[in-house]
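Participant: Got a predicted structure plus its sequence, pasted below:
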Protein chains: 2
Amino acid sequence: MTTPPVFDHAFQDKLAELMAWRRDVRRFRGDQPVPAELVGKLLETAALAPSVGNSQPWRFVLVEDAGRRARVIANFERANKDALGDYSGEQAKLYASLKLAGLKEAPVHLAVFCDESTLQGHGLGRRTMPEMLDYSAVMAVYGFWLAARAAGLGAGWVSIFEPEALTRDLDVPDDWKLVAYLCVGWPEDEQAEPELQRLGWEHRREVAEQIIKR
Amino acid sequence: MTTPPVFDHAFQDKLAELMAWRRDVRRFRGDQPVPAELVGKLLETAALAPSVGNSQPWRFVLVEDAGRRARVIANFERANKDALGDYSGEQAKLYASLKLAGLKEAPVHLAVFCDESTLQGHGLGRRTMPEMLDYSAVMAVYGFWLAARAAGLGAGWVSIFEPEALTRDLDVPDDWKLVAYLCVGWPEDEQAEPELQRLGWEHRREVAEQIIKR
């Protein structure tokens, strides 16, 4: 048996720093490719995420075809226009000014699906909470994101899509449910503060407001 | 502006090692309390998770009351008995032998909810994918888990519950949806291999089987 590793205080602090500097990035250096080997390594790390019943339901789709990417971008543009219609006045102006995706510049497009039909795990732990399967795929996304940031990459999660159309356009099996679509690349700049806070859309609250005892 | 931190190769490797050694722990040293200060620090780290529109919808409920814990345990026992009924033969025997929760021994019970009614974030990014709100809370869970493991703690995610009854028993606002229930404490032992794999319930697949290109 391998001896368990020790994660000292310096590492623990650095981990918290990583999480603090893990930004949703939407501005990429479009001229800087990401080595396929690095993407492969990050996906291996992502796949170490917890999964209900050891079901590993995440399915990673690297979207490389230019035609497919164009349809993804068109989908975003439609959904974003519709979303803008929900706001009015100053808030609409602010929304319109936000950069909510980096789909055109990002060298890597990674769609993450959940295979709702998987038999892996034999149903353990998802009888009363079937959403656990999706949640497992979500943790793989966060694992990818943290590992990417540690390697100097930025990732941005785009959710302004019509998910059924996107799933169809990517031609994946019918039972795969879209969980996330990530733009990945080398960031133009690095910030500890969320862009939505910096630009005045929404500010962060203290964690103390989010804790209760029972 | 602060200078962005550098995460060197040694840190990147250690991060992957952390993810590999992040186990779902269900065997705790029940006599070893977890300092409240440490739990507070871990929740701060958890709250650095990405959230759609900067909505921070996670709500952390520290379940301390013995009466409430007893109802949580009874809920698990009912749901686990029902789940056992789904299996037969050797698989039923194996299921019955698994330790699927550490609710009695774990010094810390942490329930994580998603506040479905929050106005924080002003709906950004969840018009066509409303599940993004739950997913944000899920990422806070994984952030907590990783930080806990780095500090030498173990966490186990229990999903074998009737969620409505659990929500009612914890007396939280109506709009809060149960996302996760974690047992947290000092682990009895440390393993790199998932217990469900070790005991023959389900084995891990290679990530290569989970990647496709489009």
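Facilitator: Perfect, thanks for sending it.

Participant: Let me see the contact set for the residue positioned nearest the centre of chain A.
Facilitator: By Cα atoms, centre = their mean, chain A has its centre lying nearest to A:Trp157, at 4.0 Å. By Cβ atoms under 8 Å, 6 or more residues apart in numbering or on different chains, A:Trp157 lies in contact with A:Asp24, A:Val141, A:Trp145, A:Ala180, A:Tyr181, A:Leu182, B:Pro50, B:Val52. (Each C-beta comes from the backbone N, C-alpha and C, glycine too.)

Participant: how does it look with 6 Å?
Facilitator: A:Ala180, A:Leu182 (Cβ atoms under 6 Å, 6 or more residues apart in numbering or on different chains).

Participant: what's the answer for the one 10 residues further on, then?
Facilitator: If you count contacts by Cβ under 6 Å, 6+ apart, A:Thr167 has them with A:Leu178.

Participant: measure it to chain B for me?
Facilitator: 11 Å (Cβ to the nearest Cβ, to the nearest Å).

Participant: you'd agree that residue is in a strand?
Facilitator: No. A:Thr167 is assigned helix when assessed by DSSP: H, G, I helix; E, B strand; the rest coil, not a strand.

Participant: mind showing which ranges of chain A have poor pLDDT?
Facilitator: In the predicted model, chain A carries pLDDT under 70 at residues A:1.

Participant: so where do the helices sit in it?
Facilitator: A:9-21, A:36-46, A:66-84, A:89-97, A:132-150, A:163-170, A:195-198 (DSSP state H).

Participant: can you list the residues that contact the shortest one?
Facilitator: Helix A:195-198 is contacted by residues A:Glu202, A:His203, A:Arg204, B:Asn54 when judged by Cβ under 6 Å, 6+ apart.

Participant: need the longest strand for chain A.
Facilitator: Longest strand in chain A, counting residues (DSSP state E): strand A:176-185.

Participant: between that one and helix B:132-150, how many degrees?
Facilitator: Inter-element angle recorded for strand A:176-185 and helix B:132-150: 70 degrees (by axes from the mean of the first three to the mean of the last three Cα atoms, to 10 degrees).

Participant: Can you give the strand pairings for strand A:176-185, parallel or anti for each?
Facilitator: Sheet pairing of strand A:176-185 (DSSP bridges) gives strand A:108-115 (antiparallel), strand A:154-158 (antiparallel).

Participant: what does the first one contact?
Facilitator: Counting contacts by Cβ under 6 Å, 6+ apart, the residues outside strand A:108-115 that touch it are A:34, A:57-59, A:61, A:63, A:133-134, A:137, A:141, A:176-182, A:184.

Participant: again, only this time at 8 Å
Facilitator: So strand A:108-115 is in contact with A:34, A:39, A:57-64, A:69, A:72, A:103, A:133-134, A:136-137, A:140-141, A:144, A:166-167, A:170, A:172-173, A:175-185, B:214, going by Cβ under 8 Å, 6+ apart.

Participant: out of the residues you listed, which are buried?
Facilitator: Among the contacts of strand A:108-115, those buried by neighbour count (16 or more other Cβ atoms under 10 Å in any protein chain shown) are A:34, A:39, A:57-63, A:69, A:72, A:103, A:133-134, A:136-137, A:140-141, A:144, A:166-167, A:170, A:172, A:176-185.

Participant: Surely A:Met127 and B:Lys81 touch.
Facilitator: One correction, residue A:127 is Arg, not Met. No. Counting by Cβ atoms under 8 Å, A:Arg127 sits too far from B:Lys81 to count as a contact (11.3 Å).

Participant: Out of those two, name the residue with the larger neighbour count.
Facilitator: A:Arg127 (18 against 11; other Cβ atoms under 10 Å in any protein chain shown).

Participant: So for the more buried one, what's the nearest residue that isn't a sequence neighbour?
Facilitator: Nearest non-adjacent residue to A:Arg127, counting by Cβ to Cβ, 6 or more residues apart in numbering or on different chains: B:Ala83, 5.0 Å away.

Participant: what's the burial count for the one you found?
Facilitator: Residues contacting B:Ala83 under the criterion other Cβ under 10 Å number 18.

Participant: contacting residues around it?
Facilitator: Here B:Ala83 is in contact with A:Leu124, A:Arg127, B:Tyr95, B:Ile160 (Cβ under 8 Å, 6+ apart).

Participant: coming back round to it: so which of the contacts of helix A:195-198 sit within strands?
Facilitator: Going by DSSP E, the strands hold none of these.

Participant: Sort out which of those residues are buried, if you could.
Facilitator: A:Glu202, B:Asn54.

Participant: which one of the contacts of helix A:195-198 sits closest to A:Gly30?
Facilitator: Closest approach to A:Gly30 among these (Cβ to Cβ): B:Asn54, at 25.5 Å.

Participant: Against chain A, how distant is that closest one?
Facilitator: Counting by Cβ to the nearest Cβ - B:Asn54 and chain A are separated by 4 Å.

Participant: my read: that residue touches B:Gly121, true?
Facilitator: Yes. At 5.5 Å, B:Asn54 and B:Gly121 qualify as touching, with contact defined as Cβ under 8 Å.

Participant: For A:Ala96, which residues are in contact?
Facilitator: So A:Ala96 contacts A:Leu84 (Cβ under 8 Å, 6+ apart).

Participant: go on, A:Ser97?
Facilitator: Going by Cβ under 8 Å, 6+ apart, A:Ser97 touches A:Leu199.

Participant: ditto for A:Val158
Facilitator: A:Phe76, A:Leu100, A:Ala101, A:Leu103, A:Tyr181, A:Leu182, A:Cys183.
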